[in-house]
Structure formats: C-alpha cells, structure tokens
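S.K.: below is the structure, and that's it, no one-letter string:
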C-alpha cells in the first residue's frame, strides 16, 4: 500500500516547512501577488487585507482556478483543465462481505485491490487496501480511493467507524497523446 505518516501526512509537510525555516498559511485566499521593482521580494495580499512579504511563494492549487492577480510577474495561466476529484473512505469493520466480490465463504479478499478508471463504471473504487488488520478489538481498517461514494454497507460486515474525505482537484485529467 501507500506510505503514510502515523499522525497524518500533513505533519510531514509542516515538518518540511519548519526545516526550511518557512511559514505556511493554510486556508488563506490570496488576491494579489506583486513583485517589487526595487528588490527581489514578493508582496502577497489576501482576501482579509493581510499582507505578507517574502522571497518565494508556492501556490498549491490549480493556478487557473485561483483568480490571483499577478503584478510585475510573468505568469502563464493555462486554459482551465479538467480535474479529477478523489474521495478517500476509511472504514473500520469486523470483516469484508466476500459475496460482494463474488467469492465463496472460504475465500479471503486480497489486502490490495486495484482497478482502472474503466472498471469504476462497475466497481465504485479504484483502490481498496487493508491499512491495519486483526486489531485487538477484532476489527480491521480499510482505505478506499474512489471518484464516487463507496457502498460500504454492501462491502463490510459490522462497521464500527467510517471517515470520508473528499478532495477536489486531486489531479488533472490526462488524455492519451496520439503522437510521440
């Protein structure tokens, strides 16, 4: 399965910014970025009229949807692209309903199941992976990546907990390139 930080992958990003002696402003709507004509600094102006001065800025969003005004900076804004959204569903349950996967009762569901985007028309997820099996309380934790809701009540038996996180603009939709 995918690697992760036990306290959450966001902690890894925060640690990297601390290590670089940088500051991060989450959930901050940027209105304007202006480069100084007399020095190598940028002024960032936010929706709440706060200003920050810095040498570098990272825009962690599809730039064509940000509506940021750039002054004294050459920025090429790409035409709006189609983006794929991703839903991450984490389920704590006693067991997997093997009949959902057309398996007999003696079968075991694999720890990792990967499908293709074409399969998502009939399978509601692209990845299903076991995160933690056979916990002390007899439950296991499973994680799904999907573009739609996962029918967890059909897939699992005795569900104890569910967490769903929707991530818009997860990655750009890529079309095959017919020429190389």
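M.R.: That came through, no problem. Just so we're clear, the structure is a prediction, and the values are computed from it rather than from any experiment.
S.K.: all contacts plus neighbour counts: C-alpha atoms, from now on.
M.R.: Fine.
S.K.: so residue 69 bridges to which residues?
M.R.: Per DSSP bridges, residues listed as beta-bridge partners of residue 69: residue 32.
S.K.: residue contacts, it?
M.R.: 31-33 (C-alpha atoms under 8 Å, 6 or more residues apart in numbering).
S.K.: any chance of a PyMOL selection covering the buried ones in those?
M.R.: Buried residues among the contacts of residue 69 (16 or more other C-alpha atoms under 10 Å), as a PyMOL selection:
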select buried, resi 31+32+33
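S.K.: for residue 108, state which of the contacts of residue 69 is nearest.
M.R.: Closest approach to residue 108 among the contacts of residue 69 (C-alpha to C-alpha): residue 31, at 52.8 Å.
S.K.: identify the residues contacting that closest one.
M.R.: Taking C-alpha under 8 Å, 6+ apart, one finds 44-47, 67-69 in contact with residue 31.
S.K.: how much space separates residue 164 from residue 170?
M.R.: Going from residue 164 to residue 170 by C-alpha to C-alpha, to the nearest Å gives 15 Å.
S.K.: ok, now residue 157?
M.R.: Looking at residue 157 against residue 170, where the rule is C-alpha to C-alpha, the gap reads 30 Å.
S.K.: helices of the chain, residue ranges please.
M.R.: 9-19, 152-155 (DSSP state H).
S.K.: tell me which of the ones you listed sits nearest to residue 176.
M.R.: Judging the helices of the chain by C-alpha to C-alpha, what sits closest to residue 176 is helix 9-19, at 30.7 Å.
S.K.: what pLDDT, on average, does the closest one get?
M.R.: Helix 9-19 shows a mean pLDDT of 82 in the predicted model.
S.K.: just how off-centre is that helix within its chain?
M.R.: Distance of helix 9-19 from its chain centroid, counting by C-alpha atoms, centre = their mean, to the nearest Å, is 16 Å.
S.K.: what of stretch 24-42?
M.R.: How far stretch 24-42 lies from its chain's middle: 25 Å, per C-alpha atoms, centre = their mean.
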